[in-house]
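Engineer: compute the structure for the input listed below.
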Amino acid sequence: MPPRSDDRPRPKPPRPLPRDRYCCAGGAKHLAFVRPIGGPHLTTEILWIAPALSILLGYLLGSIPFGVLLTRFAGAGDLRQIGSGNIGATNVLRTGRKGLAAATLLLDLLKGAAAVWIVSAIWPGNALLAAMGAFVGHCYPVWLRFRGGKGVATLMGIVLALHWPCAIVYAVMWLGLLATLRISSVAGMAAAVSAPVSAAWFGRFDMVLLLLGLALIVLWKHGPNIERLLAGTEPRIGRKDG
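Structural biologist: The predicted structure follows:
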């Protein structure tokens, strides 16, 4: 006959794992997530290290002031004392060195793309963090007391590395308005605003929020240009009186 309910064997409580099977990262009160050590992987993976390093690497790449370096090495003086004082390609063009302006534009674009590509290869899944770091690094470089560029070229490089069809829209908007209106600020702001719009159009909703935030920073950095546009005094490219 079956045993009575009180005579049935009770399940054994789970045996606690030995304490040396886990790695403590700052105690229970700290938000440091760790993976148990053991098994095929003998290393401890702290999940916040990759995002932090992605932002840092992006910032360091983005903060390289190519406009300042190129004009100084070419003997064109301190770019921050020329024209608007901005470190971007438009202000480099005011030195009369078209080659330096083109090189600055290309390098500012490539550093944004490089940050995304490098981090994607080393720490997959952290490309957006690298993009944010590179853009902030360009606009607010610690080496120049956080007085950087306006981010239009660097943002294009970021968009190119994240989703190249959006970069085509960006380039068409930027270069098209630059060729027709000859006003660099209008072309740059319109291109920046096109980034989150095109990302949504192509279904890359994972990028929309970041690109929207970066576009707003571009508009913020163009504050003086917006004031001159409203006053009708914004200079056009190619005019000496601007």
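
Engineer: now do the longest helix belonging to the chain, average pLDDT.
Structural biologist: In the chain, taking DSSP state H as the definition, the longest helix is helix 98-122. Taken as a whole, helix 98-122 has a mean pLDDT of 96.

Engineer: go on, stretch 225-232?
Structural biologist: Summarised as a single mean, pLDDT over stretch 225-232 is 94.

Engineer: quick check, pLDDT for Leu31.
Structural biologist: Note for Leu31: predicted pLDDT of 39.

Engineer: what do you get for Thr90?
Structural biologist: Thr90 carries a pLDDT value of 83.

Engineer: mind listing what's buried in the longest helix of the chain?
Structural biologist: Across helix 98-122, burial judged by 16 or more other C-beta atoms under 10 Å covers 100-101, 103-105, 107-120. (C-beta placed from N, C-alpha, C; glycine too.)

Engineer: for this protein, what helix or strand is lowest in average pLDDT?
Structural biologist: Ranked by mean pLDDT, DSSP states H and E, the weakest helix or strand in the chain is helix 89-93, scoring a mean of 85.

Engineer: who's in contact with it?
Structural biologist: Helix 89-93 has contacts (C-beta atoms under 8 Å, 6 or more residues apart in numbering) with 67, 70-71, 79, 82-85, 100-102, 104-105, 108, 153, 184, 237.

Engineer: low-confidence ranges, this structure, go.
Structural biologist: Applying pLDDT under 70 to the chain flags residues 1-45, 238-242.

Engineer: tell me where it has helices.
Structural biologist: 49-62, 66-73, 89-93, 98-122, 127-139, 152-162, 164-181, 184-201, 205-221, 223-231.

Engineer: want to throw those helices into CSV with distance to Phe146?
Structural biologist: What follows is the helices of the chain, written out as CSV (distance: least, C-beta to C-beta, whole Å):
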stretch, distance to Phe146
helix 49-62, 12
helix 66-73, 14
helix 89-93, 17
helix 98-122, 17
helix 127-139, 8
helix 152-162, 15
helix 164-181, 25
helix 184-201, 20
helix 205-221, 12
helix 223-231, 16
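
Engineer: so Leu211 touches Ala195, yeah?
Structural biologist: Yes: with contact defined as C-beta atoms under 8 Å, Leu211 counts as touching Ala195 (4.3 Å).

Engineer: anything in contact with each of the two?
Structural biologist: Val159.

Engineer: now for the longest helix of the chain, which elements pack on it?
Structural biologist: The helices and strands touching helix 98-122, judged by 3 or more C-beta pairs under 8 Å, 6 or more residues apart in numbering; DSSP states H and E, are helix 49-62, helix 66-73, helix 89-93, helix 127-139, helix 152-162.

Engineer: buried ones in the first one, by neighbour count?
Structural biologist: It stands for helix 49-62. Under the neighbour-count criterion of 16+ other C-beta under 10 Å, helix 49-62 has 50-51, 53-55, 57-62 buried.

Engineer: one more: stretch 182-199?
Structural biologist: Across stretch 182-199, burial judged by 16+ other C-beta under 10 Å covers 183-199.

Engineer: now, among the buried residues of helix 49-62, which is nearest to Cys139?
Structural biologist: Gly62 (8.1 Å; C-beta to C-beta).

Engineer: ok, that closest one - contacts?
Structural biologist: Shown in contact with Gly62 (C-beta under 8 Å, 6+ apart): 111-112, 115, 133-138, 141, 154.

Engineer: just to check, Ser63 is in contact with Val142?
Structural biologist: Yes: contact criterion C-beta under 8 Å: Ser63 and Val142 qualify, at 6.4 Å.

Engineer: which of the two has more neighbours?
Structural biologist: Ser63 (21 against 11; other C-beta atoms under 10 Å).

Engineer: among the helices and strands packed on helix 98-122, which is nearest Arg228?
Structural biologist: Closest approach to Arg228 among the helices and strands packed on helix 98-122 (C-beta to C-beta): helix 89-93, 13.5 Å.
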